[in-house]
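S.K.: compute the structure for the input listed below.
(chains A and B)
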Number of protein chains: 2
Amino acid sequence: MDLELARRLKQPNTTKIILCVLDGLGGLSRRETIRSELEKASIPNLDRLAARSEVGLSVPVGTGITPGSGPGHLALFGYDPYRFDIGRGVLEAVGIDFDLGPDDVAARGNFCTLDASGNISDRRAGRVATEHSARLVERLREIRLPGVQVLVEPVREHRFVLVLRGPGLDDRISTTDPQVTGVPPLPARGEAPEAAQSAALVNEFVRQATVMLQGEPQANGLMLRGFAKYPALPQFPEIWGLRSAALAVYPMYRGLAKLAGMDALACPGGLQEQLEVVRQRWDDYDFFFIHYKKTDAAGEDGDFERKCHALEEFDAWLPSLMETHPDVLMIAGDHSTPSTMAAHSWHPVPFLLHSAYGRDGNAQHFTEPECLKGSLGIFPAVDVMPLAMAHAMRFQKYGA
Amino acid sequence: MDLELARRLKQPNTTKIILCVLDGLGGLSRRETIRSELEKASIPNLDRLAARSEVGLSVPVGTGITPGSGPGHLALFGYDPYRFDIGRGVLEAVGIDFDLGPDDVAARGNFCTLDASGNISDRRAGRVATEHSARLVERLREIRLPGVQVLVEPVREHRFVLVLRGPGLDDRISTTDPQVTGVPPLPARGEAPEAAQSAALVNEFVRQATVMLQGEPQANGLMLRGFAKYPALPQFPEIWGLRSAALAVYPMYRGLAKLAGMDALACPGGLQEQLEVVRQRWDDYDFFFIHYKKTDAAGEDGDFERKCHALEEFDAWLPSLMETHPDVLMIAGDHSTPSTMAAHSWHPVPFLLHSAYGRDGNAQHFTEPECLKGSLGIFPAVDVMPLAMAHAMRFQKYGA
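M.R.: Okay, here's the model as predicted:
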């Protein structure tokens, strides 16, 4: 939906909307059992809810397109993911409450393991411990570059954020991450003539860093990607007329919500704490975005059973969430992460919307094949917010 | 999908993709049996494959729009058929290896039978034999027009290609084919002021030709349509990063594939020979487009039983094709050609994609109603190539 139209149709109401994003929700069948994670897991509450909700499958970005977390979430928030493209560096920086300035260029950094020949042997440096990673980041802060300030911040495990601050920086810089092992990190290149100088600064940073990290057993190298400046996103609360709160454990999802203008509320403890915060702040907000990461983490690790457990954990928690009696409750995913692929995928994502105005479909369970039978069919994820607004009676009639 | 995005997302791989196009695949039920051609035909291999593949129904151009062969195929190749519109004349010319120049205007010609009053009594001149048609074409080559060269080439049966070569020609010329019998061929008209002179040349060609053909028992008249100049199509192998081969018996489909930049490999003998060529050239190509005409030919003739047989012939051949073990196998149609209508139609077309990453749906057979239950639902045919690229693991992730 065109955001101008959304602004025009929105009308005030007191209804409450909850959007639960189960990261990487969609899956695929294992060959042996011919059952996907959702089919295998015991999720009686989701199944029961699916049978009396509008269900379907959302296409995050486009047919055949595997989304990163950014576009996957932007689409669920109603932003056309082709039009609004946010660099990973900005996502990571905002997610750790880094105060990004208008001239800063941010990049997502990964510590990695380099072998004796300088080739990458582990792209995540054995998921080095967060504490150790933070100490390495402190050393990287000693790097000096001509004419710009170097800011480095730890994130989690092998991840960090690099921010270059100074006049004339350009974010059109290519990734240094080759995406495979067995080769060295790539040199950064300017993707436009104006970015050549910025790319040179990045390469000098990498050179000094690699010298500093020599002798580290795991994290003796680094890769940088997603160079980006702060984007100007239309603000979610204003577009939809919803006082909006984000409840996410992981920084990147808080960051994304903050870019969209939501209030990111601290709740590091996971589902129980997220529910507690929803209860406490019930009167302060109209819209609650609850992010659940475990489904994706297990899927990315290729751990079918753990993804089933993650689904079961969410399912067991769901009734307590429902006791808040939201007017619109949505269970969605930003993309599929089939355990059999151990990666994000392009497959449409099971989706469920429960409200007093839901129309019955033919789905009896919350699984990929049953969602095909739901009243929503296969639909674009950018339609999730217009649907929510309609079911929350927060959209006026279009035309006379 | 925007072709620029396709170029950006594509990544190298060694996977193989086969696209089988069963021309005019989709059908309609006969009233007596309440069964379509696909439901009536015995196609156990397609049925079995459908039950373990992603299936759906593709919309070739748009809801309610009956496509010609050109747009139907362009959409399957990933080209927006509204944006890329190729004249039939160009298709026919390229399909017979005619070396079309940038200033040429080509038209598809049909010999037809005119009655004593000059009205069309058979739009295909009784499908006059190819050999006889070729002799008639030789006579037409004697036609002289002021300021332009007249080139005429035989195709098959009643079909030929007319090419006018000379400066200042304009292809915005209306068809002379009234599409019905019992009326005379139409005069050509310029559809823009700049095309008036070109239309006049066409009418003079028709006038001289009709004099020449007097006395012919069947092919005593002709109709011209699809006036067109050579289009600049983005090249399929470059867009998708696929070395691409086309295996088609009929000239028009080879021509279309060549316009898209595929290599058209000779295989006049049909399915067995097409398979043989796939096997021989397996290492040379990443993408094989196999065209099967018999389904459409039977449908256009209104021959329900023959269309069933054509489906059964394809089905019996399918296992031998599957022995090549492509990473992605697709069974598609460029449009529906229901025998009950004896014509192309707008109905969505059964589609099947088999790969290691397919998601289960609820379809048990390869029929129109069962394909509705598949994991792909009803989807635009331009999404076929993005889907194939995803399943072939030839697309990178979109965004961070």
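
S.K.: now residue A:47: which helix or strand?
M.R.: Using DSSP states H and E, residue A:47 sits within helix A:44-51.

S.K.: and that helix, what does it pack onto?
M.R.: In this structure, helix A:44-51 makes packing contacts with helix A:304-322, strand A:349-354, judged by 3 or more CB pairs under 8 Å, 6 or more residues apart in numbering or on different chains; DSSP states H and E. In this view, the C-beta of every residue, glycine as well, is placed from N, C-alpha and C.

S.K.: those: which one's closest to residue B:201?
M.R.: strand A:349-354 (57.9 Å; CB to CB).

S.K.: neighbouring strands - and their directions - for the closest one?
M.R.: strand A:54-59 (antiparallel), strand A:328-332 (antiparallel) (DSSP bridges).

S.K.: wait, residue A:110 sits on residue A:158?
M.R.: Yes. Using CB atoms under 8 Å, residue A:110 is in contact with residue A:158, at 5.4 Å.

S.K.: hey, what's in contact with both of these two?
M.R.: A:124-125 (CB atoms under 8 Å, 6 or more residues apart in numbering or on different chains).

S.K.: ok, the two, which is more surrounded?
M.R.: residue A:158 (26 against 22; other CB atoms under 10 Å in any protein chain shown).

S.K.: for residue A:399, the count of nearby residues, please.
M.R.: The tally of other residues near residue A:399 (other CB under 10 Å) stands at 4.

S.K.: which secondary structure state does it sit in?
M.R.: coil (DSSP: H, G, I helix; E, B strand; the rest coil).

S.K.: following element in sequence after the strand of greatest length in chain A, please.
M.R.: Scanning chain A for the longest strand, with DSSP state E as the assignment, gives strand A:105-114. Next helix or strand after strand A:105-114 toward the C-terminus (DSSP H and E): strand A:120-122.

S.K.: okay, buried residues for the next helix or strand after that following strand please.
M.R.: Proceeding N to C from strand A:120-122, the next assigned helix or strand is helix A:130-140, under DSSP H and E. By neighbour count on 16 or more other CB atoms under 10 Å in any protein chain shown, the buried set for helix A:130-140 is A:132-133, A:136-137, A:140.

S.K.: including pLDDT and distance to residue A:338, could those go into JSON lines?
M.R.: Output for these, formatted as JSON lines (pLDDT from 0 to 100; distance: CB to CB, whole Å):
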{"residue": "A:132", "pLDDT": "94", "distance to residue A:338": "32"}
{"residue": "A:133", "pLDDT": "94", "distance to residue A:338": "29"}
{"residue": "A:136", "pLDDT": "96", "distance to residue A:338": "33"}
{"residue": "A:137", "pLDDT": "96", "distance to residue A:338": "33"}
{"residue": "A:140", "pLDDT": "96", "distance to residue A:338": "36"}
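
S.K.: the residues you listed: which ones sit near chain B?
M.R.: By CB under 8 Å from any CB of the partner chain, no member of the buried residues of helix A:130-140 lies near chain B.

S.K.: closest one of these to residue B:252?
M.R.: For those, the nearest to residue B:252 is residue A:133 (61.5 Å; CB to CB).

S.K.: which ones are touching that closest one?
M.R.: Applying CB under 8 Å, 6+ apart to residue A:133 gives the contacts A:111, A:154, A:156-160, A:219.

S.K.: most surrounded residue in these?
M.R.: residue A:111 (29 neighbours).

S.K.: distance of that one from residue B:168?
M.R.: 67 Å (CB to CB, to the nearest Å).

S.K.: the domain parsing of chain A - what is it?
M.R.: Domains of chain A are assigned by automatic domain parsing as A:3-86+A:233-391, A:100-228.

S.K.: now do the same end-to-end measure for the shortest one.
M.R.: This points to domain A:100-228. End-to-end span of domain A:100-228 (CA to CA, to the nearest Å): 11 Å.

S.K.: what's the answer for the first one, then?
M.R.: Its start and end residues considered, domain A:3-86+A:233-391 measures 18 Å (CA to CA).

S.K.: dump whichever strand or helix holds residue A:206 to PDB, keeping only the CA atoms.
M.R.: Following DSSP H and E, one finds residue A:206 within helix A:196-213. Only the C-alpha atoms of helix A:196-213 are listed here, as PDB (Å, rounded to 0.1, in the frame of the first residue of the first chain):
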ATOM      1  CA  ALA A 196      37.100   5.800  -3.800                       C
ATOM      2  CA  GLN A 197      38.700   7.800  -0.900                       C
ATOM      3  CA  SER A 198      36.300   6.200   1.600                       C
ATOM      4  CA  ALA A 199      37.100   2.700   0.400                       C
ATOM      5  CA  ALA A 200      40.800   3.500   0.700                       C
ATOM      6  CA  LEU A 201      40.200   4.500   4.400                       C
ATOM      7  CA  VAL A 202      38.400   1.200   5.000                       C
ATOM      8  CA  ASN A 203      41.300  -0.800   3.500                       C
ATOM      9  CA  GLU A 204      43.800   1.100   5.700                       C
ATOM     10  CA  PHE A 205      41.600   0.300   8.800                       C
ATOM     11  CA  VAL A 206      41.600  -3.400   7.800                       C
ATOM     12  CA  ARG A 207      45.400  -3.400   7.300                       C
ATOM     13  CA  GLN A 208      46.100  -1.900  10.800                       C
ATOM     14  CA  ALA A 209      43.500  -4.200  12.400                       C
ATOM     15  CA  THR A 210      44.900  -7.300  10.900                       C
ATOM     16  CA  VAL A 211      48.400  -6.400  12.300                       C
ATOM     17  CA  MET A 212      46.800  -5.900  15.700                       C
ATOM     18  CA  LEU A 213      44.900  -9.200  15.700                       C
END
